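Colleague: A predicted structure for the sequence below; I have some questions about it.
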Amino acid sequence: LYHAALARSVETSLGTGQALYTALEKKLRGDIAGPDQNHQYQMIELLCNLYHTARDKNFAFRADLTGFANKLLRSAEERMPQLTKLKEADKLEFARAAYGQGQHDMGDKVARELVRYVLRDMTHPEGGFYSAEDADSEGHEGKFYCWTKAELAKLLSAEEFKVAERYFGLTEEGNFEDHSHPQPLKHLNVLSIVDPKLTDAEAKLLAAAKAKMFAVQRKRVRPHLDDKILASWNGLMLGALARASVVLNEPSYLAAAEKNLAFLQAKLWDAKTKTLYHRWRDGARDTAQLLDSHAYLLDGVLHLYEATLDARHLEFALQLEAALTAKFYDAEHGGFFQSPAGAADLLFRTKEDYDGAEPSGNNVATAAVLKLSLITDTKAMRERAEKSLRLYAERLQRLPQACPNLLMALDTLLHEPFRVVIAGGKAGEQRAAVSHGVPPSSRWWGGVRPARRCGTASGDRHVAPRARAATSSRGRHRRSRRGRPART
């Protein structure tokens, strides 16, 4: 009864679910392929979530959404190399969207290449992820990464060059020039995938060409590395790696995610005071405490928990959520402030609800707290998430495209996902059951949430009681959904 009343009140504030979908679809059709590319990956994630939500309700809408999402994913693939404003974690979201729907093999390839770049060039020896690389080297933007047609014609064999020229769309005049430089380099080509259709023989020639190009590139003067490590951006990459490890079935990605979290806990988390700091570099950390750091890392840790079912990660998520709530939650009105209470250098505290090139910390925090409340069946957490959604009810109705993370939180609130309970067996066997027994698109986008393990580890006491109760004494696999009896 409580949930039914809540659903009515929220849907009354925001309009019906179909109206929400229609408004979003109109916005996306008008603007998503245009110049505003910053939050496109979040829109793709939202579309895929809505796809699963609509599966039993409106088949016509689902068919329209499928076609539209596929078109959007193809657009993302084609423009991937040109989205220079996005961080690598954001780009990985594009790629996992393309592969997560099971229809875009290029998404698999792009995701793997992005992870390879990050783990090779952007990772501290102890596991933290660096912030950025400059775009320029030797005073010229793009010099490290760009190629002239003449350079490649000289470097590659005739057969390799023919394939590379078509695949990358190489031109004599090039496709990039730094107009801000008084003496710009000429005829530079930013490599992007123009014609991906290759025969097996051509694919081998392209691989040989890339190997030669990479060997030459490694000898160039590399752009400056911004080697500070931020809790916020590391949280984004942590979550992306954890999800990629499951969908792409790559244990090495999961190992990198685990190593990253261990680094953050050692360098930026004070376990005694339950304090998360923002920045670390060369053994020193700052004293800043920011909402984005707490929200992004909480979200990343939850994804890692879903990928591993490791109770330690759930324990840490609960500690992060407690710190997040104590420092940033507005108990009176709902929502999360960007700065903690008592910050001496601020005149007033603000809340941000716009998901741009970086998602809003407020929106990510709301969604993460809601997810954690579902995992642990904690009423107080759920109420905080609900109150935050109500705070932005008018915003969601007037401008839904501005805050896709809040829309996903709302979708989760109104359409709680299936629960999967794996009972008995070793932890590794349980993880394999989750990874291989649930379709990739469902794992990826939340149509079916990864299981909560019912065992004896200390963190299992935090798992939702209804999940524990659904496990039979004989260890059979059961699934339950709110409002329906558990099914064996």
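Modeller: Arrived safely. Numbering: from 1, shown residues only.
Colleague: residue ranges with poor pLDDT in the stretch 301-450 of the chain?
Modeller: For the stretch 301-450 of the chain, the stretches flagged by pLDDT under 70 are 416-450.
Colleague: ok, which stretches of it are helices?
Modeller: Here the stretch 301-450 of the chain has its helices, by DSSP state H, counting those that start in this stretch, at 311-328, 361-376, 379-391, 393-398, 404-414, 427-437, 440-445.
Colleague: export the ones you listed to CSV and tack on distance to His140 and mean neighbour count?
Modeller: For glycine as for every other residue, the C-beta is placed from the backbone atoms N, C-alpha and C. Converted to CSV, those look like this (distance: least, C-beta to C-beta, whole Å; neighbours: other C-beta atoms under 10 Å):
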stretch, distance to His140, mean neighbour count
helix 311-328, 42, 20
helix 361-376, 36, 26
helix 379-391, 46, 19
helix 393-398, 43, 15
helix 404-414, 37, 24
helix 427-437, 45, 15
helix 440-445, 39, 21
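Colleague: Indicate which one of the ones you listed is closest to Val221.
Modeller: Taking C-beta to C-beta, helix 361-376 is the member of the helices of the stretch 301-450 of the chain nearest to Val221, at 36.4 Å.
Colleague: list the helices and strands that closest one packs on?
Modeller: Applying 3 or more C-beta pairs under 8 Å, 6 or more residues apart in numbering; DSSP states H and E, we find helix 361-376 packed against helix 291-308, helix 311-328, helix 379-391, helix 404-414.
Colleague: For those, give me CSV that also has distance to Glu358.
Modeller: Compiled in CSV, these are given as follows (distance: least, C-beta to C-beta, whole Å):
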stretch, distance to Glu358
helix 291-308, 7
helix 311-328, 16
helix 379-391, 19
helix 404-414, 11
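Colleague: Compare those helices and report which one is nearest to Arg112.
Modeller: Taking C-beta to C-beta, helix 291-308 is the member of the helices and strands packed on helix 361-376 nearest to Arg112, at 17.0 Å.
Colleague: Tell me which other helices or strands that closest one touches.
Modeller: Using 3+ C-beta pairs under 8 Å, 6+ apart, helix 291-308 sits against helix 231-247, helix 251-267, strand 275-276, helix 311-328, helix 361-376, helix 427-437.
Colleague: list the buried ones in it?
Modeller: Residues of helix 291-308 classed as buried: 291-308 (neighbour count, 16 or more other C-beta atoms under 10 Å).
Colleague: Equivalent analysis for stretch 192-202, please.
Modeller: Neighbour-count burial for stretch 192-202, counted by 16+ other C-beta under 10 Å, picks out Ile193, Glu202.
Colleague: With respect to Asp353, which of the helices and strands packed on helix 361-376 lies nearest?
Modeller: Between Asp353 and these, the tightest spacing by C-beta to C-beta is seen for helix 404-414, at 6.8 Å.
Colleague: Who are the contact partners of Leu264?
Modeller: Residues counted as contacts of Leu264 (C-beta atoms under 8 Å, 6 or more residues apart in numbering) are Gly128, Ala231, Asn234, Gly235, Leu238, Leu297.
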